[in-house]
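# Fold the following, please.
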Amino acid sequence: MTQGTVTQGTGPYAEVYRRSLADREAFWLDAAKAVDWVEEPTAALDGSEPPLYRWFPGGTLNTAYNALDRHVAGGRGDAAALVYDSAVTGTRATLTYAQLTDLVARFAGALAARGVGTGDRVVIYMPMVPEAVVAMLACARLGAVHSVVFGGFAPRELAARIRDARPRLIVTASGGIEPNRRVEYLPAVAEALGIAELPELPVLVKVRPGFAHQLEDYPGWEDYDAALRSAAPAACVPVAASHPLYVLYTSGTTGTPKGVQRDNGGHAVALAWTLKNLYGVGPGEVMWTASDVGWVVGHSYIVYGPLLAGATTVLYEGKPVGTPDAGAFWRVVADHRVKVLFTAPTALRAIRRADPEAELLAGYDISSLERLYAAGERLDPETYRWAGEKLEVPVIDHWWQTETGWAICGSPRGLEDLPLKAGSPSVPMPGYDLDILDGAGEPVASGEEGNIVLRLPLPPGTLTTLWHNDERYISSYLSAFPGCYATGDSGYRDADGYVFVMGRTDDIINVAGHRLSTGAIEAVLAGHPAVAECAVIGLKDTLKGQRAVGYVVLKAGAEVSEEALASELVALVRSQIGAVADFKQALVVDALPKTRSGKILRKTMRQIADGEAYTVPSTIEDPEVIERLVPVLRGA
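Predicted coordinates:
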């Protein structure tokens, strides 16, 4: 490590980072050369209406053209664009750039024939099938705005998104396939349209075999494949750089979902930059992002990012365990010669829990794998060490949000192999002017925890506003610390400039006047050899305000009594954090409640334990986990 912080160093990363803040215009106009423009932008940043900023004014482009057609025009039509691997159906297929371009053009024609045009919204409620990717890119081709809703979301939640987006059409499928069940989508869509009071909205259905509800049960709904067969290809429609590409809903504190709005120009430039410089992935190389197209990670790095770079993307319909076992990920890496794997820490913990010694890894040749990236939640040091040891590749934590669309912090392997630190997503990415402030908005000292903020303007590719709601965007993100975007996360920077994200600001607990990070305590618990994953929450305490309680899931085959484990965990916290944590209780549970993207529902757990009213989020992966936990939480 160089003297001073890494951003003050002399290496390639430090120089690029400093230039991105000192001369935004030159930096991002240079980055914009990776994109094909119909009309070149006249400037990088339009700051005429702060705090609402727009990138690449005057520029026009088409994102689908950049992701598909230009590669075909450049002679790479026969290169693999999309590899579909369905572990739940046994189906595998590869689409070349030419084939995917043709499908997208024809489905865009089908949408246009049904009245979808520039600026219109299309809600996509699909499982992990190629048709979902085709639908997204077809919207981009027309300049329409897609809003992908995670397949299987409850009808009421789907209805809320339909009401807000006001789409012209819905694209869906018969259903999604889980390891032990099938999720019927058609009755959910019908119910959602009724709740939204839009029962006549057109619906296109990708028919999948084996589902109870059939297309003919819903008069007026159309068959996706039939619409595709009868359509004439549609041309790419140029749109302004600031024109919205998609709206992706994230949960809101008021219960009303927030529609994060992403633009076309900034999004394309940012993702093209990251594929080369953050992930080190280029044309013809294989990137597998083990997420879902319903999440921002799926938007950025299953669909758009790899295709903008001319790489091959893997679309995986399956789970890290159970389809069929904890070797599923290694099988996909081996079969498709994956160079870069991107997944959530919860997937790694699930694999580690089922196969602690990674014995199933021996059955697969994963020599193609060069790097493993993790994001979506905090990567605890123990899982970081386990994955690095078993896979023998760098394990790179990086941190970002639905709102930002790409990494706030990471280790840019395309620029420089910076040292990695357990528990840290490394350093700020170019364009992110990151600071850590106390409650009064003053910067804190190195090593001191505070509120992580990003000084405006945010870089390209981040949200430009909330859908039709500038006021809510400003009040939700830009008001707490004037001139800054409040991430809602707390953390600190060490002496080298590495950022440590400790959790959401509401995951800070106050024990007898001492502010403690639940993430720090979790890191200690996760270090125990018997613990697969854990969650720490702060419960009300009449004497000390709050007290920390840990909930742990054991690794498969762990042989330790709950009493002995609790005693060992209490001792570990006392030795590594100190008596100030006043940690006295650790309980073994069979599972932790999580969203489908892998985030543990700590807030819901805390509400249940404190006897407060709570609502189980629609994003929960398995509602039964909460039901089993209620007596345990209330007994704590």
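# helices and strands around the longest helix anywhere in the chain, which ones?
With DSSP state H setting the assignment, residue counts place helix 97-113 as the longest helix in the chain. In terms of contacts (3 or more Cβ pairs under 8 Å, 6 or more residues apart in numbering; DSSP states H and E), helix 97-113 is packed against strand 80-86, helix 130-142, helix 224-229. In this view, the C-beta of every residue, glycine as well, is placed from N, C-alpha and C.
# quick one: that helix to chain centroid distance?
With Cα atoms, centre = their mean, to the nearest Å as the basis, the distance from the averaged C-alpha position of helix 97-113 to the chain average is 26 Å.
# quick one: it to helix 130-142, angle?
Computed with axes from the mean of the first three to the mean of the last three Cα atoms, to 10 degrees, the direction of helix 97-113 lies at 70 degrees from that of helix 130-142.
# Just the CA coordinates for helix 97-113, please, in CSV.
Once side chains and other backbone atoms are set aside, the C-alpha atoms of helix 97-113 remain, and they are given as CSV (Å, rounded to 0.1, in the frame of the first residue of the first chain):
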residue,chain,number,x,y,z
TYR,A,97,-25.7,-11.8,-31.3
ALA,A,98,-27.4,-12.1,-34.7
GLN,A,99,-30.1,-14.4,-33.3
LEU,A,100,-30.8,-12.3,-30.3
THR,A,101,-30.9,-9.1,-32.4
ASP,A,102,-33.5,-10.8,-34.7
LEU,A,103,-35.7,-11.9,-31.8
VAL,A,104,-35.6,-8.4,-30.2
ALA,A,105,-36.3,-6.6,-33.4
ARG,A,106,-39.3,-8.9,-34.1
PHE,A,107,-40.7,-8.6,-30.5
ALA,A,108,-40.3,-4.9,-30.7
GLY,A,109,-42.4,-5.1,-33.8
ALA,A,110,-45.0,-7.1,-31.9
LEU,A,111,-45.1,-4.4,-29.2
ALA,A,112,-45.3,-1.6,-31.7
ALA,A,113,-48.2,-3.4,-33.5
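# if we look at it, which residues are touching it?
64, 68-69, 71-72, 76-82, 95, 122, 130, 133-135, 137-139, 141-142, 144, 169, 204, 227-228, 230-235, 310 (Cβ atoms under 8 Å, 6 or more residues apart in numbering).
# Now that helix: buried residues?
97-112 (16 or more other Cβ atoms under 10 Å).
# Return the set of residues that bridge with residue 453.
As for beta bridges, residue 453 partners with residue 435, residue 486 under DSSP bridges.
# Isn't it up against residue 487?
Yes - under the criterion of Cβ atoms under 8 Å, residue 453 makes contact with residue 487 at 6.5 Å.
# which residue sits closest to residue 623, ignoring its sequence neighbours?
With Cβ to Cβ, 6 or more residues apart in numbering as the measure, residue 616 is the residue that lies nearest to residue 623, at 6.0 Å, once sequence neighbours are left out.
# now stretch 65-76: mean pLDDT?
Summarised as a single mean, pLDDT over stretch 65-76 is 98.
# actually stretch 406-413, sorry about that
Average pLDDT, stretch 406-413: 98.
# now stretch 374-394
92.
# buried residues in it?
Of the residues in stretch 374-394, those with enough neighbours to count as buried (16+ other Cβ under 10 Å) are 374-384, 386-388, 390-391.
# what do you get for stretch 481-499?
Neighbour-count burial for stretch 481-499, counted by 16+ other Cβ under 10 Å, picks out 481, 484-493, 496-499.
# and if you look at stretch 318-336?
318-323, 326-334, 336.
# picking that back up, mind checking which of the buried residues of stretch 481-499 land in strands?
Those of the buried residues of stretch 481-499 mapping onto strands are 484, 485, 486, 487, 488, 489, 490, 491, 492, 493, 499, per DSSP state E.
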